[in-house]
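> Here is the input, now give the coordinates:
(2 chains)
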Amino acid sequence: MTDRSGLTEAELAAELRAFLAEHHPGRAPKDPGERLAFLQAWQATLFDHGWAGPGWPPRWGGMGLPLPLQAVYHREMAAGRAPVPPNNIGGIVGPTILTCGTDEQRARWIPPLLRADELWCQGFSEPDAGSDLTSLRTRAVRDGDVYRVTGRKVWISGAVHADWMLCLTRTGSQESGAAGITCLALDMHAPGVRASRLRDMTGGAHFAEVEFDDVEVPVSHRIGAENEGWAAARATMGHERSTSLAASGMRYQRVTRDLLDLARRRGQADDPHVRDRLAQAVTGARLLEWSGQRVLARVLEGGEPGPLASVIRLQHGVFEQQLHTLAVDLLGPYAQLDAADPALASGERHDGNWLRGFLRTRASTIGAGTSEIQRTTIADKVLGLPPEAGNSRSTR
Amino acid sequence: MTGTFAFTAEHEALRNTVRRFLTERSPETEVRRLMETADGYDPTVWSLMANQIGLQGLALPEKYGGSGAGFVDLQIVLEEMGRALLCAPFLSSVVLAANALLTSGDEAACAEYLPGIAEGTTIATLAVTEASGSWRADDVTVTADAQYRLTGEKLFVLDGHVADLLLVVARTAAGPTLFAVDAGAEGVAREPLGTLDATRKQARLVLDQTPARLIGEDGGAAGPLERTLDLAAAALAAEQAGGARRTLEMAVEYAKVREQFGRPIGSFQAIKHKCADMLLEVESSTSAAYAVGWAVDAGSVEVPVLAPLAKAYCSEAYTHCAAENIQIHGGIGFTWEHPAHLYFKRAKSTEILFGNPRQHRALLADRLGI
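Here you go, the predicted structure:
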């Protein structure tokens, strides 16, 4: 495998640009099934050429790039409009296994994860738990060499296609809160697992509901110690993957340029009100990029990501909604159509994507903790305000 | 953009020095005393700033008596001044006037005036706006005749009542032109205005056949003025970020100790969420302000885009934070004795200064080629 960790920023950027020029697979197809196969193939191409997992250890197939080069990597990928890898690659599954797993577990799961040969999902949310993950009820009972898992997860992205789930289970008493949670790698093909699609408001079925009926999970598939799964999950959730943050700002600058294009095509670029909102959208994208850079600068100095890292997710959700709301306003009467209607979906621009994004980003301020939960977390953890009355668990 | 937002130990040392100085020399009692005076600043503190820590000359070129530090250093100073609500003609003299001279390209004028500004012995200001409030060179109506005698009225001139040197944009046959006017020159009348933000004074200037010195090219003020205002907007954005951060700190400190219904108000979700949103705006303001600062120091072509972006964002963020600070303080926040209103007035006033957020976003859209 090519070791690129010693390259200069310019060299890495040049190599990556050359790679993309040769191997860029084009735009991902719209059809969900085709799309997943396309992204898996793309991820395999990345892996096979040594371009997967910029920050992950080379021992398990990653690139082992130092932080500044990781930032360059993400920036170039975004600038080159490279397809975004399938859902689980950038998620918290890999970091959790890398941080809390054993070497056997790392060797077993990380390379196929990084090549997208095996797909993972994150089994956190439950029907009654919502943002309060510590109230989860999916139970795992130790029985010799296995845990027997029974319960139900909901809003699980990509669960229908997943081979594995990083599953948070209750091993302690129901009152044990965060202290009784164990993290398991659960085989989605095992007997007793049933995943059913959950259609969301966009009409798509990205999420699934997953039921476990006495599913056997080998004890050797436990990530970290029993009853310490919460710490494992939280440690990796806290990692906002600072190097990729800069890239998401970069990606939004690109999306903002598309938005300016849309305004021109719709003949609204001269309207002062539209121009004001476009300028606000540009500002929002820049702010996200700078927030990412500031976190990166702090991390590069060896410090903690600091308050800004907590702020970025909040910033993200709100910005994504503003951006797509403006786009839909620009679509005018066409915003009354279904995203897939030929009048929107035809042509290179796929204006239906704006509409799809408009609906999808309603989840931006809900998923992985609502904006309200994030605000409360920021107030408590960053600003040090006293906890809410009746919420003494203070788990986040 | 390598190096952006990577503050050095020198930056931190500068910040600490300025903060210590302002804590000692510009506490709230002094701010309140000075805002009631006609001049609006303390000459002793002003000269200490120049002689003891060299703030006026910090970012001015060494050949003109300055220390040649970067724009980011200047922003750090302004951020601290914004926190402390310092009453002093720093923005007018060191940011506006000095940059008007520097961007004019008139070396003789720079050599003559900048050392005095750097030493704090000359207080200068830039007079652009008139009754319309516009900062655009095109909108200037004060005229200069063939002998460069100026006639007309300037309004909203920062510290115009105490400045020794008035840099005035006036219209000649060739177009908008920059002139230097001695405050004591014949035909100059100066009148302080009552200001919303009493911590920063403004004046009306009436010029009647006032003799003036040409700075730069006859008819060539538009370009340098635009550059000067971009720099001033970037500097003011840092001041706004500093003020906004202070209002957040005040709000959080108070929310931790003030009890209602038997518990600290900071334990109520409504207050928590306000504070979290303020933090988001404060951090974003800091990012926006310093992104321009670093672009200025790097000689980036992006400055004209980033300056209005930062000014628009920081303006609205500061006003919002200052307003929320009053709200979180409740009744006490509405009293004259509490400093919350001083920040609120500074915020609203600076939101309008150099053009309001909507105007800056229009400028941003223009410069992006939208």
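
> how far does stretch B:107-121 sit from the chain's center?
19 Å (C-alpha atoms, centre = their mean, to the nearest Å).

> Then stretch A:184-200?
19 Å.

> can you give me the strands for the stretch 101-250 of chain B?
B:124-127, B:143-144, B:149-158, B:165-172, B:175-182, B:188-193, B:202-211, B:213-215 (DSSP state E, counting those that start in this stretch).

> And for the residue nearest to A:Pro307 when sequence neighbours are not counted, the neighbour number?
Spatial nearest neighbour of A:Pro307, chain neighbours left out: A:Val382 (4.4 Å); criterion: C-beta to C-beta, 6 or more residues apart in numbering or on different chains. C-beta here means a position set from N, CA and C on the backbone, and glycine is covered the same way. Residues near A:Val382, counting by other C-beta atoms under 10 Å in any protein chain shown, number 19.

> Provide a list of residues in contact with A:Val382.
A:307, A:310-311, B:276, B:279 (C-beta atoms under 8 Å, 6 or more residues apart in numbering or on different chains).

> farthest pair in these?
Greatest spatial distance in the contacts of A:Val382: A:Pro307 and B:Ala276, 10.1 Å, computed using C-beta to C-beta.

> Pull out the buried positions in stretch B:349-359.
Neighbour counts over stretch B:349-359 (16 or more other C-beta atoms under 10 Å in any protein chain shown) mark B:349-357, B:359 as buried.

> Same check on stretch B:259-274?
B:264-268, B:271-274.

> I'd like to know which of those are part of helices.
B:271-274 (DSSP state H).

> tell me, which of those residues make contact with chain A?
Among these, the ones lying close to chain A by the criterion of C-beta under 8 Å from any C-beta of the partner chain are B:271-273.

> how about low-confidence regions in the chain?
With no chain named, the answer covers chain A. A:1, A:87-90, A:130-131, A:235-247, A:300-306, A:347-349, A:390-396 (pLDDT under 70).

> think we crossed wires, I meant chain B
Using pLDDT under 70, the flagged stretches of chain B are B:1-3.

> domain parsing for it?
Each domain of chain B is listed here as a residue range: B:9-119, B:124-218, B:223-368, per automatic domain parsing.

> Let me know which of those is tucked in deepest.
Looking across the domains of chain B with neighbours counted as mean count of other C-beta atoms under 10 Å in any protein chain shown, the highest average goes to domain B:223-368: a mean of 22.

> ok, back up a step: now for the buried residues of stretch B:259-274: which two are most distant?
B:Pro264 and B:His273 (15.2 Å).

> what does chain B put close to chain A?
B:1-2, B:4-6, B:252, B:255-256, B:263-264, B:266-269, B:271-273, B:275-277, B:279-280, B:283-284, B:286-288, B:291, B:306, B:309, B:312-313, B:358, B:361-362, B:364-365, B:368, B:370.

> I'd like the next helix or strand past the lengthiest helix in chain A.
Longest helix of chain A, by residue count under DSSP H: helix A:272-300. Reading on from helix A:272-300 to the C-terminus, the next helix or strand found by DSSP states H and E is helix A:307-331.

> Compute the inter-axis angle for that next one and helix A:272-300.
160 degrees (axes from the mean of the first three to the mean of the last three C-alpha atoms, to 10 degrees).

> and helix A:307-331, what does it pack onto?
helix A:242-265, helix A:272-300, helix A:352-360, helix A:371-377, helix B:269-297 (3 or more C-beta pairs under 8 Å, 6 or more residues apart in numbering or on different chains; DSSP states H and E).

> Would you mind pulling up the elements that the first one packs against?
Secondary-structure packing of helix A:242-265 (3+ C-beta pairs under 8 Å, 6+ apart): helix A:67-79, helix A:272-300, helix A:307-331.

> Give me the angle between it and helix A:67-79.
Going by the same axes, to 10 degrees, helix A:242-265 makes 20 degrees with helix A:67-79.

> and helix A:242-265, C-alpha only, in PDB?
C-alpha atoms of helix A:242-265 as PDB (Å, rounded to 0.1, in the frame of the first residue of the first chain):
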ATOM      1  CA  SER A 242     -12.700  17.600  13.000                       C
ATOM      2  CA  THR A 243     -10.700  17.100   9.800                       C
ATOM      3  CA  SER A 244     -13.800  16.300   7.800                       C
ATOM      4  CA  LEU A 245     -15.600  19.400   9.200                       C
ATOM      5  CA  ALA A 246     -13.600  21.700   7.000                       C
ATOM      6  CA  ALA A 247     -14.600  19.600   4.000                       C
ATOM      7  CA  SER A 248     -18.300  19.900   4.800                       C
ATOM      8  CA  GLY A 249     -17.900  23.700   4.700                       C
ATOM      9  CA  MET A 250     -16.200  23.300   1.400                       C
ATOM     10  CA  ARG A 251     -19.000  21.100   0.100                       C
ATOM     11  CA  TYR A 252     -21.500  23.700   1.100                       C
ATOM     12  CA  GLN A 253     -19.600  26.400  -0.700                       C
ATOM     13  CA  ARG A 254     -20.100  24.300  -3.800                       C
ATOM     14  CA  VAL A 255     -23.800  23.700  -3.100                       C
ATOM     15  CA  THR A 256     -24.100  27.500  -2.600                       C
ATOM     16  CA  ARG A 257     -22.600  28.100  -6.000                       C
ATOM     17  CA  ASP A 258     -25.200  25.700  -7.400                       C
ATOM     18  CA  LEU A 259     -27.800  27.800  -5.600                       C
ATOM     19  CA  LEU A 260     -26.500  31.000  -7.300                       C
ATOM     20  CA  ASP A 261     -26.800  29.200 -10.600                       C
ATOM     21  CA  LEU A 262     -30.400  28.200  -9.800                       C
ATOM     22  CA  ALA A 263     -31.200  31.900  -9.000                       C
ATOM     23  CA  ARG A 264     -29.800  33.000 -12.300                       C
ATOM     24  CA  ARG A 265     -31.600  30.200 -14.300                       C
END
